[in-house]
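Engineer: the following comprises the amino acid sequence and a computationally predicted model.
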Amino acid sequence: MPDHAEPPHTSSGADDAVRPSPSRRPVEAVLFDFHGTLAQVEEPREWVLQAAAACGVELDRVKATSLADRLLTAGRAGGPLPARVPPRLAELWADRDLYEHAHRAAYTGLAETVDAGIDGFADALYERLLIPDGWVPYPDTEAVLKALRQGGVKVAVVSNIGFDIRPLFAAWGLADLVDAYALSYEVGRCKPDPGIFLRACGLLGVDPEHTLMVGDTPADAGAAAAGCAVLVLPAAEPGRASGLGAVLDLALSS
């Protein structure tokens, strides 16, 4: 060290106490993705068993499991992306989250590529999406939504989806805990387009800079381009807590 150099500064506890910490913007609203964040589709084999029963067919569990595997490969709404989209369904698939008819036609069309030998089966599989029994809210969803409501934080659901999910929330007793819905087929924009997040903020009357988006995919992180903070959590299996408690740490301690 040169003779004229000063020794390194060692901070004291007093120094640390007066040093300002980085400011954090207060969270006035939280936007939630739906599937994979607040709820999950029912277990695949149960999905197949219940749809077959609606068609008057009782499947044994081994056959139902095999059929479920084939349907997941073909493409299930709320499940993995299809291994291949047939050319005749390509346009419907591209528009599935923008129009109700395209959503139904795309997913029933994919289901029909699997020969189950059951009349009306593809439509019965799709109908499971539209009813509360076809979904499983995560165990921590209600508690987190209630805590946000009690804390005065507004809530919206932002989803790429082709049907109305409001009846599901009503059936689960959660409707009063959600202030607004920005659904792609109603908004005409799909995540990660910033427009859908801005629409949600507008419905809530909250500035994006004071809004937290919570989801489970890179598309949800598109909210950052709209000026929102973002929290991406991995999707959990049906019935397992999804880690939503982290939202309260960010939204209620700011």
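Structural biologist: Nice, I can see it.
Engineer: show me where the stretch 1-150 of the chain has helices.
Structural biologist: All helices of the stretch 1-150 of the chain, identified by DSSP state H, counting those that start in this stretch, fall at 13-18, 44-54, 61-74, 90-94, 100-111, 121-127, 141-150.
Engineer: same list (the ones you listed) but as a markdown table, adding distance to residue 218 and mean pLDDT.
Structural biologist: Where you see a C-beta, it was placed from the backbone N, CA and C, and this is true even at glycine. Below are those laid out as a markdown table (distance: least, CB to CB, whole Å; pLDDT from 0 to 100):
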| stretch | distance to residue 218 | mean pLDDT |
| --- | --- | --- |
| helix 13-18 | 37 | 40 |
| helix 44-54 | 24 | 98 |
| helix 61-74 | 21 | 96 |
| helix 90-94 | 19 | 98 |
| helix 100-111 | 21 | 98 |
| helix 121-127 | 26 | 98 |
| helix 141-150 | 22 | 97 |
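Engineer: the ones you listed: which one's closest to residue 172?
Structural biologist: Residue 172 sits nearest to helix 141-150 of all the helices of the stretch 1-150 of the chain, at 7.7 Å, using CB to CB.
Engineer: for the closest one, name the packing helices and strands.
Structural biologist: When contacts are defined as 3 or more CB pairs under 8 Å, 6 or more residues apart in numbering; DSSP states H and E, helix 141-150 packs onto strand 154-159, helix 245-251.
Engineer: isn't residue 222 up against residue 193?
Structural biologist: Yes - between residue 222 and residue 193 there is a contact under CB atoms under 8 Å: 6.7 Å.
Engineer: higher neighbour count, these two?
Structural biologist: When residue 222 and residue 193 are compared for neighbours, residue 222 comes out ahead with 21 against 18, by other CB atoms under 10 Å.
Engineer: related to what we said a few turns ago, CSV for the helices and strands packed on helix 141-150, including distance to residue 186 and mean pLDDT?
Structural biologist: Output for the helices and strands packed on helix 141-150, formatted as CSV (distance: least, CB to CB, whole Å; pLDDT from 0 to 100):
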stretch, distance to residue 186, mean pLDDT
strand 154-159, 10, 98
helix 245-251, 24, 92
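Engineer: could you chop this protein up by domain?
Structural biologist: Annotated domains of the chain cover 29-38+138-251, 41-133 [automatic domain parsing].
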